[in-house]
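Colleague: please find the sequence and the predicted model below.
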Amino acid sequence: MSTVGGIVPARLDHTIMHSTDSTASARFLTHLLGAPDPEPFGPFVAVPVDGGLTIDYADFIVQPDQIVMQHLAFLVSEEEFDGIYARVRESDLPYWSDPGHQGPRQLNHRSGGRGLYVDDPDGHAIEFLTVSEGPGS
């Protein structure tokens with residue numbers, strides 16, 4: 001596959017998150033995002049996000065004790081972050097400033113933005129940040 005300016009010309013279409021309860025996990029994410037309830041899509045419960053990407057939750061692929069923790073990072077605007085942060089606090093969810101659960105109930109300010117981490121019902125790390133920290137940012 002050729003690259004354009006060092007970037008692979010592909011777009012992620014969907015990813016599957018293993019869960020013990022696909023509906024509960026998808027609703028957890030849509031609640032934090034302030035989005036409508038997720039929709040069933042075949043055997044999955046799908047959460048559509050910007051750019052056509054869907055986060056598809058599945059509770060039938062692996063046994064609960066075989067779920068491997070994953071990390072999803074969502075780049076959001078300052079306004080969206082304010083809403084997410086308010087919902088995290090209103091729900092009294094534990095949150096941290098980093099993925100290692102350091103800095104409990106603290107935000108991080110890496111790269112001049114704001115960020116926080118929460119764990120979903122299955123322990124997957126969900127990150128919200130206002131400034132991208134990845135390569136090519």
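Modeller: Right, received. Where do you want to start? Numbers count the residues shown, from 1 in each chain.
Colleague: what residues does the worst-scoring helix or strand of the chain on mean pLDDT touch?
Modeller: Lowest on mean pLDDT, DSSP states H and E among the helices and strands of the chain sits strand 39-41, with a mean of 92. Contacts with strand 39-41, where a contact means Cβ atoms under 8 Å, 6 or more residues apart in numbering, come from Val45, Ala46, Thr54, Asp56. C-beta coordinates here come from the backbone N, C-alpha and C atoms, glycine included.
Colleague: is it true that Glu99 touches Tyr117?
Modeller: Glu isn't right for residue 99; it's Pro. Yes - the pair Pro99 / Tyr117 is scored as a contact, 5.5 Å apart, by Cβ atoms under 8 Å.
Colleague: ok, residues contacting the one helix or strand Ile16 maps to?
Modeller: Taking DSSP states H and E as the criterion, Ile16 maps to strand 14-18. Contacts to strand 14-18, defined as Cβ under 8 Å, 6+ apart, come from residues 25, 44, 46, 53-59, 61-62, 66-68, 70, 72, 122, 124.
Colleague: buried among those? Make that a ChimeraX selection.
Modeller: In ChimeraX, a selection of the buried entries from the contacts of strand 14-18 looks like this (16 or more other Cβ atoms under 10 Å):
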select :25,44,46,54,55,56,57,58,59,67,72,122,124
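Colleague: among the contacts of strand 14-18, which ones are in strands?
Modeller: Residues of the contacts of strand 14-18 located in strands (DSSP state E): Phe44, Ala46, Thr54, Ile55, Asp56, Tyr57, Ala58, Leu72.
Colleague: mind checking the SS state of Glu133?
Modeller: State at Glu133, reduced to three classes by DSSP: H, G, I helix; E, B strand; the rest coil: coil.
Colleague: what residues are up against it?
Modeller: Shown in contact with Glu133 (Cβ under 8 Å, 6+ apart): Arg110, Ser111.
Colleague: quick one, phi/psi of it?
Modeller: Phi and psi for Glu133, reported as degrees, to the nearest 10, are phi -110, psi 0.
Colleague: all set now, cheers.
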